[in-house]
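> show me how the following folds:
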Amino acid sequence: MPTRSSIPATPRIISPSPTPSERDALDSYTGPMTRAARRRLATPLPVSEEGNEEDSVPGPRKARTRSRSPVETRPTAGRRTSKKRTTKTPDAKTTSTDSTTAAPNGDMAVSAKQEKEVSNGHLLPPRPAGYTGWGWTDISRSPSPLGLIPIHRHWKAFIHKHEVPRKALHVSIGFFVVWLYLSGTQTLSVCPYLMGALIPIAAVDVLRHHNASFNRLYVKVLGALMRESEFTGYNGVIFYLLGAWIVLGFFPKDVGVVGTLMLSWCDTAASTFGRLYGRYTPRIRSGKSLAGSLAAFLVGVGTSAFFWGWLVPTKGPMPGDELFMFTGTLRLPQLLSEAVGLTPAQATISGGLALGIMSIWSGFVAAASEVANVCGLDDNLTIPVLSGLGIWGFLKIFG
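Model (predicted):
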């Protein structure tokens, strides 16, 4: 009969005295730690929004550990956030948030300084560390976050999203141009008034960028007509007046009037339909969609047909109409017509066919000028100038 042997007792082992390296490891021992807590300890603090000395050190830039956008966070399970502590300094208002995060097992708590924002009353992003002054980006129309202009926060859909007051002013200029034409006003006589308005408006715009209190007052009064990107950039009215002054002063009367109408109506249509339906159509470039370009094209076709096909024949002729480039006929250049063996009568078209071709070309030019990006210039300047150049060049060859 087999006998059950007893299990021998565990022998007692006496470890030698710890070495200095082992003693240091024992001193730094903090107990069990979850992997999430260890990652939080290893994560560096968020980079400050203000420029620091590290920005000037050459070499590859480190990736940001957190988003700098003012996103509102929600408390999650197993995490407890202390209330905000606000301290005021003579220079700016500083709001800092200390969050205490506890692991689910309650083994330890990790305290980290989450975020530090320096606010000037708006969500204005700071200038880059290498900013040296004016540049092409200052007149760029790239979108900016909501909050730079106070009235945009209260009327997000009416002013910020759909820009109803700004578009109403934009469209009204076109009707004002039609009224000036019907009153017999010459384009060259309008240019002094445009320059008389451009100089003080531009001077005030430069002044507000050098005086913060005046800029706040300016934005408070005219914020409903501004884009958020114009808070730190230049007002689009400056480029609107400059574009109208160039196209009315340096092009024939009919080209100048149509170029101004393109600016007033085609740009508004492109912006409106691009914001409404641009998400459903392909993007042509940053900030420009096929929906907006198609709207600019259709409105450009309708504008040309309205001016040359209805307004001029029914309400004209007005003083200066004898200098029009488009008089209802289009013809091939003489060299081209002789090369293909066409007589002058065969190389000439008139009536509705000529008006249709002229209208389609004008719509194409309007859409192309609205999409074009010329050194980041405001499209209030590029649309009338490029439209005028395109129509003038076409009529110079086929007119």
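> show me where pLDDT drops low in the stretch 51-200 of the chain?
For the stretch 51-200 of the chain, the stretches with pLDDT under 70 are 51-162.
> again, only using 80
Scanning the stretch 51-200 of the chain for pLDDT under 80 picks out the ranges 51-166.
> helices of the stretch 151-300 of the chain, start to end?
Counting by DSSP state H, counting those that start in this stretch, the stretch 151-300 of the chain has helices at residues 164-182, 187-208, 212-222, 236-250, 253-261, 267-277, 290-306.
> export those helices to TSV and tack on distance to Gly363 and mean neighbour count?
Every C-beta, even on glycine, is put in place using the N, C-alpha and C of the backbone. Formatted as TSV, the helices of the stretch 151-300 of the chain follow (distance: least, CB to CB, whole Å; neighbours: other CB atoms under 10 Å):
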stretch	distance to Gly363	mean neighbour count
helix 164-182	15	16
helix 187-208	22	14
helix 212-222	32	14
helix 236-250	17	22
helix 253-261	11	26
helix 267-277	11	21
helix 290-306	3	22
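> which among those helices is found nearest to Val312?
Closest to Val312 of the helices of the stretch 151-300 of the chain is helix 253-261 (CB to CB; 7.6 Å).
> got the angle for the closest one vs helix 290-306?
Between the axis of helix 253-261 and that of helix 290-306 there is an angle of 150 degrees, by axes from the mean of the first three to the mean of the last three CA atoms, to 10 degrees.
> I'd say Pro384 and Leu263 touch.
Yes. Contact criterion CB atoms under 8 Å: Pro384 and Leu263 qualify, at 4.3 Å.
> if I look at those two, which residues touch both of them?
Residues touching both Pro384 and Leu263 (CB atoms under 8 Å, 6 or more residues apart in numbering) are 243-244, 247.
> out of those residues, who's nearest Leu335?
Checking the shared contacts of Pro384 and Leu263 against Leu335 by CB to CB gives Val247 as the nearest, at 29.7 Å.
> so that closest one sits right up against Ser387, yeah?
Yes. Val247 is within contact range of Ser387, at 7.5 Å (criterion: CB under 8 Å).
> what packs against the strand or helix carrying Ala368?
Element membership of Ala368, judged by DSSP states H and E, is helix 352-371. For helix 352-371, the elements it packs on are helix 267-277, helix 290-306, strand 329-331, helix 379-398, judged by 3 or more CB pairs under 8 Å, 6 or more residues apart in numbering; DSSP states H and E.
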